[in-house]
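# Provided below for reference: sequence and predicted model.
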Amino acid sequence: MGYLIKNADSVYLTNQGKTGHLSTDIRIREGIISEIGTNLRPSVNETESVIDASNCVIYPGFVNTHHHLAQSVLKGVPEGLNKGLGEWLAAVPYRFWPKIPPNLMYLSAKLGLYELIRSGTTTCADHHYLYHENTSDELEQAVWQAAEDMGVRFSLCRGSATATGNHKGMKSLNIQPESLDRVLDKMTITRSQQHDSSPYSMKKLCVAPTSLIHSAPQNDLIELSRFARKHKLKMHSHLLEVEFDQAQAKLNHQISAVEYAANSEWLGEDVWFAHLVKADQAAISILAETKTGMSHCPTSNCRLGSGISPAYQMDEKGMTVSMGVDGSASSESGSMLQELNLAWLLQRSQNGAERVTVDKVVQWGSENGAKILGLKTGKIEIGYAADLVLYRVDEPRVCTVHERLLAPVMCGEPMKVYHSFINGKPIITKGEFTQLDTEKLCSDLQQEMTKFLAQII
């Protein structure tokens, strides 16, 4: 079945960096955008459902390039509320994650994906690092299954720690790491079962050691990068979220963190790092020269007191800047729209109002994210995947915005997603999820959380 979306207030089109406003209609065929224009007529030769987009603006679905779906059940943990990154890791994620059972992981992933979809996300790259020497295969399978059941376009960034190193969370809780052979064997199986390399892929595998500086010896990092490049897999990790990365690189290797990444074969167009809050001009120059990308996660960086990433400077130098929501244990809203709104405001506060436009951060959150993940989505253009989001702009808090097309990002949450399509399939219809019973999800989560916490506490 095809769809014809008609009568939108405006459509977010990009052409050489300039936003377009004229088109109001979009036709979807076999999961692909097949026509864009005004006054398009329903097809007489094929079955086609007509969607009335009156009082809506249409955006390309956002592409979240850094998340931790397991953290959807770790929001607001009291022991971590007022701690910085290192202490927070030990008090929150590393305290709980080795004990999360597969069924709770499945529900946590569904909750996280629900939060993303309701804020306009259609693609999620999840940095899933719940692996240690005794991790069951069912835990990873639960995440893949949740993504499939929610209908989201999904990249699993397979985390790993092959050494405890200087990682405060792992060391304090005596978590035993995997061997490199186990990591490579498990990724080989996952790649054969799940990975689709096509530009319209719904499932991708990425190689993603949990922390480039702290969770693997350099020889292991080199082996992981060579495995990724042999199989043409994307590569991802955390880097320079706080100064500790730089300090440890200089103490242990007598070079900067980014130089260490280079020596470990972890720079290039197929690599992107989350955060890069503490990247200095020398680091940015190396990252830009090697065409390494980044995921800007402003809410989490603010929540943990890490600072503001120099994302605008990276963009100016030619780096591909994308957006990440990060885990809900340090970004409780779980909202991609909040990330764009906050990125717009914070980057303007640092760089000036005339430099950081709404169009810029929308590009970071859509087109650039798709580029990093190797997907043909993130743009409303003929031939691109039909990942589309329709926001209502006739509600009280946004109906008086003069430039209605920009209202979702300028006003931020709450915004109502009226329709959402992923791969040409309706995921939200008239404000209601087609893939999820939210009341049942909440009930199931409460039951599982009660059992889980009784075992932990």
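Arrived safely.
# Let me know the helix or strand that E339 is in.
Here E339 sits within helix 336-351, counting by DSSP states H and E.
# helix/strand/coil for A353?
Secondary structure, DSSP: H, G, I helix; E, B strand; the rest coil: A353 is coil.
# Relative to W344, how far out is it?
Here the distance between A353 and W344 works out to 10 Å (C-beta to C-beta, to the nearest Å). Every C-beta, even on glycine, is put in place using the N, C-alpha and C of the backbone.
# Neighbour count: these two, which is higher?
Neighbour count, other C-beta atoms under 10 Å: between A353 and W344, W344 has more, with 23 against 8.
# ok, the residue nearest to the more buried one when sequence neighbours are not counted - how many residues close by?
Spatial nearest neighbour of W344, chain neighbours left out: V361 (4.7 Å); criterion: C-beta to C-beta, 6 or more residues apart in numbering. The number of residues packed near V361 is 28, by other C-beta under 10 Å.
# And V361, how close does it get to L406?
Applying C-beta to C-beta, the value for V361 to L406 is 10 Å.
# just S335 next, same as before
For S335, the distance to L406 equals 17 Å [C-beta to C-beta].
# same deal with G268?
For G268, the distance to L406 equals 34 Å [C-beta to C-beta].
# The longest strand along the chain vs helix 336-351, what angle?
Ranked by number of residues, the top strand in the chain under DSSP state E is strand 121-128. Strand 121-128 runs at 80 degrees relative to helix 336-351, counting by axes from the mean of the first three to the mean of the last three C-alpha atoms, to 10 degrees.
# what's strand 121-128 packed up against?
Helices and strands touching strand 121-128, by 3 or more C-beta pairs under 8 Å, 6 or more residues apart in numbering; DSSP states H and E, are strand 62-67, helix 102-118, helix 137-150, strand 153-158, strand 234-239, helix 367-373, strand 417-422.
# If we go by neighbour counts, what in that strand is buried?
121-128 (16 or more other C-beta atoms under 10 Å).
# Same check on stretch 303-320?
303-304, 306, 308-315, 319-320.
# Tell me how this protein divides into domains.
2-60+386-433, 62-373 (automatic domain parsing).
# Next secondary structure element downstream of the helix or strand bottoming out on mean pLDDT in the chain?
Lowest on mean pLDDT, DSSP states H and E among the helices and strands of the chain sits strand 18-20, with a mean of 49. Elements were assigned by DSSP H and E; along the chain past strand 18-20, the next helix or strand is strand 25-29.
# Could you work out the end-to-end span of stretch 279-295 for me?
Length of stretch 279-295, first residue to last, C-alpha to C-alpha, to the nearest Å: 13 Å.
# Tell me where the model's unsure across the stretch 251-400 of the chain.
The model of the stretch 251-400 of the chain has no residue with pLDDT under 70.
# where do the strands sit along it?
271-275, 293-296, 321-323, 388-392 (DSSP state E, counting those that start in this stretch).
# what's next to the shortest one, contact-wise?
Right, strand 321-323. Residues from elsewhere that reach strand 321-323, judged by C-beta atoms under 8 Å, 6 or more residues apart in numbering: 62-65, 272, 293-297, 311, 314-315, 336, 339-340, 343, 361, 364-365, 368-369, 371-372.
# Would you mind giving the domains of the chain as CSV with distance to A454 added?
Below are those laid out as CSV (distance: least, C-beta to C-beta, whole Å):
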stretch, distance to A454
domain 2-60+386-433, 30
domain 62-373, 12
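# which residues touch the spatially most central residue of the chain?
Nearest residue to the geometric centre of the chain (C-alpha atoms, centre = their mean): N64, 2.4 Å. The contact partners of N64, taken as C-beta under 8 Å, 6+ apart, are 116, 121, 123-125, 323-325, 336, 369.
# Which of those sits closest to V401?
Nearest to V401, judged by C-beta to C-beta, of the contacts of N64 is M336 at 19.4 Å.
# check contacts around that closest one.
Residues near M336 by C-beta under 8 Å, 6+ apart: 62, 64, 116, 119-121, 323, 325, 365.
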